[in-house]
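> Sharing a model prediction with you, sequence too.
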Amino acid sequence: MTEPDGDDQAAATPPGSLWERMKADPQYAPEHLALEAVRRLGPEAERWADRQRDSHPGITPDALAQLAARRFTTHARISGAVSGATGLPGAVVDVGVLAWTQARMVLHMAAAYGADPSHPDRATDLLVLQKVHKVAETARLALGVAAGRERAARLFAGAAERPLSGVMLRLGVKLAQMAGIRAAKRVFAKIVPGAAVILGTWANSAATKDLARRTGDYYSHDALTAAPVPHPGEA
């Protein structure tokens, strides 16, 4: 049940169009990532869950969710060890790929528990489970802002330029927050020769396992039928 499927390669990294949106609007990078993840990865997650249920009749939602958690924790651990980019851009790419991998995991786990992974509410779930926002209401507001800014950016493409180094730093910090890595020193250890592989592997795995635990708690406790409230573990 752990073999890669046909969707794996195409969905493994954020698309170039998303990177451009996030660089143009780093303040709302997590929201842009969540919106794109639901649009692009939601159908993949649904197909995966359907295939697993067809191949393994009687598999429980918990078992299916754990399968997704193990699969993407492995992906996250490997991505922390093998990325070849260096310096600040490399660090930003690493945390962006990690946040994207974690979003894939959450959507696959949602599908395992019967939630529609393509529903717009999953973007709200992503932002709360990944601790970008503490409650669903503020996540929805931020998603609305990001969607509006995305539309505006298409109208005014190229109208303003900002120093790339400042943009990359802001983008890296926002994506690191989404990926669950609390210490900036850990996120940007890639800039220090020799530290990146060991630290990146450990940090990616730990952050993704923690997110998997929160996600399992959330979707297994029938949270989708309740009014929006803070997710487990949030103040």
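Received it, and whenever you're ready, just let me know what you need. Residues are numbered from 1 along each chain as shown.

> What pLDDT is listed against Leu126?
Note for Leu126: predicted pLDDT of 96.

> Also the one 3 residues further on?
Here the pLDDT value assigned to Leu129 is 95.

> do you know how far it is from Val167?
Noted for Leu129: a distance of 26 Å to Val167, by Cβ to Cβ, to the nearest Å. In short, each C-beta sits where N, CA and C put it, glycine included.

> Could you check which of the two has the larger neighbour count?
Leu129 (29 against 17; other Cβ atoms under 10 Å).

> Enumerate every residue touching the more buried one.
Val106, Leu211, Arg214, Thr215, Tyr218, His231 (Cβ atoms under 8 Å, 6 or more residues apart in numbering).

> Take those and keep only those in helices.
Val106, Leu211, Arg214, Thr215, Tyr218 (DSSP state H).

> hang on, the earlier thing: so which of the contacts of Leu129 comes closest to Ala76?
Taking Cβ to Cβ as the measure, Leu211 is the one of the contacts of Leu129 closest to Ala76, at 9.2 Å.

> ok, Arg149 touching Met22?
No: contact criterion Cβ atoms under 8 Å: Arg149 and Met22 do not qualify, at 11.2 Å.

> which one of the two has more residues nearby?
Met22 (27 against 17).

> For that one, give me the pLDDT.
93.

> Would you mind measuring from it to Ala99?
Distance from Met22 to Ala99, by Cβ to Cβ: 10 Å.

> what touches both of these two?
With Cβ under 8 Å, 6+ apart, Met22 and Ala99 have common neighbours Leu33, Leu175.

> Which of the contacts of Leu129 scores worst on pLDDT?
His231 (43).

> residue boundaries of the helices in this protein?
8-11, 16-24, 29-55, 61-82, 87-112, 121-129, 136-155, 164-179, 184-187, 196-220.

> Quick check, central residue of this structure?
Ala103 (2.9 Å; Cα atoms, centre = their mean).

> tell me the pLDDT at the nearest residue to it once chain neighbours are set aside?
Nearest in space to Ala103, with sequence neighbours left out and distances taken as Cβ to Cβ, 6 or more residues apart in numbering, is Ala37 at 3.9 Å. Looking at Ala37, its pLDDT is 97.

> One more: Trp19?
In this model, Trp19 carries a pLDDT of 92.

> For it, which non-adjacent residue is spatially closest?
That would be Gly96: by Cβ to Cβ, 6+ apart, it lies 7.2 Å from Trp19.

> Distance of the one you found relative to Ala29?
8 Å.

> again, but for Asp50
Counting by Cβ to Cβ, the gap from Asp50 to Ala29 is 31 Å.

> As JSON lines, the ones in helices among the contacts of Leu129 with neighbour count would be great.
Formatted as JSON lines, those follow (neighbours: other Cβ atoms under 10 Å):
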{"residue": "Val106", "neighbour count": "29"}
{"residue": "Leu211", "neighbour count": "25"}
{"residue": "Arg214", "neighbour count": "19"}
{"residue": "Thr215", "neighbour count": "28"}
{"residue": "Tyr218", "neighbour count": "22"}
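
> Nearest to His119 among these?
Val106 (12.8 Å).

> what's near enough to touch the residue nearest to the closest one when sequence neighbours are not counted?
Excluding the flanking residues, the one nearest Val106 by Cβ to Cβ, 6+ apart is Thr215, at 5.2 Å. Contact partners of Thr215, counting by Cβ under 8 Å, 6+ apart, are Ala65, Ala69, Met105, Val106, Met109, Ala110, Leu129.
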